[in-house]
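Engineer: Model the following, please.
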Amino acid sequence: MNRKISPALFGLALICFLLPWVNFSCSGNTIVSVTGTDLAIGRTIAIPQGFGQKPKKAHAHEARATAAFAAGIAGLLSGLLIKEERFRAIASAVCGGAGAVALFLLKDKLDSEMVSRNMGMITVDYLFGFWAAMLLFLGACIVNIMELSGKFKKT
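Structural biologist: The predicted structure is shown next:
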């Protein structure tokens, strides 16, 4: 059963990287919306400035998002390519846990940066894509830990 569930969870988590993850807003007005792919691979974004000033350019790239993306790919490949059940479950559990931890650290970093750099003027809103990816990584980790503990019957 886990032979199909685990790669599916990682595949869905990778699809979530295409969805919007984060809105940066000021006074309730969205300044910029960023997808998981933008954070993992990087994209130059123009941040609007006030009253006729040129937009400030920023390169949206976060190593933690890249690590989560790499964990998703590694988890997907390990679920599909490793034949021995125990090694597959261990590798997939580690990848799921690593992806979830990387996303948690990304959230922590973005939250603390916005408070320290902008004195709380810019708020960070986490969207469905971010939370879905986090839950899917956690789900993949839990499913594989359950397989290691013998909760799933072999089919």
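Engineer: ends of stretch 107-127, how far apart?
Structural biologist: 12 Å (Cα to Cα, to the nearest Å).
Engineer: mean confidence for it?
Structural biologist: For stretch 107-127, mean pLDDT is 83.
Engineer: Which parts of the chain are helices?
Structural biologist: 2-16, 36-41, 63-81, 85-118, 128-149 (DSSP state H).
Engineer: right, so the ones you listed: which one is the most enclosed?
Structural biologist: Mean neighbour count (mean count of other Cβ atoms under 10 Å) peaks for helix 36-41 among the helices of the chain, with a mean of 22. All C-beta spots, glycine's among them, are computed from the backbone N, C-alpha and C.
Engineer: Would you mind listing the residues in contact with residue 21?
Structural biologist: Residue 21 makes contact with 34-36, 38-39, 126-127, 129-130, 133 under the criterion Cβ atoms under 8 Å, 6 or more residues apart in numbering.
Engineer: Same check on residue 125?
Structural biologist: Taking Cβ under 8 Å, 6+ apart as the test, what residue 125 contacts is 22-25.
Engineer: how about 10 Å then?
Structural biologist: 20-25, 30, 33 (Cβ atoms under 10 Å, 6 or more residues apart in numbering).
Engineer: Distance check, the nearest residue to residue 68 once chain neighbours are set aside against residue 62.
Structural biologist: Excluding the flanking residues, the one nearest residue 68 by Cβ to Cβ, 6 or more residues apart in numbering is residue 102, at 3.9 Å. Distance from residue 102 to residue 62, counting by Cβ to Cβ, to the nearest Å: 9 Å.
Engineer: So for these two, which residues contact both of them?
Structural biologist: 40, 68.
Engineer: mind checking which helix or strand of this protein has the lowest mean pLDDT?
Structural biologist: strand 56-60 (a mean of 64; mean pLDDT, DSSP states H and E).
Engineer: Before I go, just wanted to say thanks for your time.
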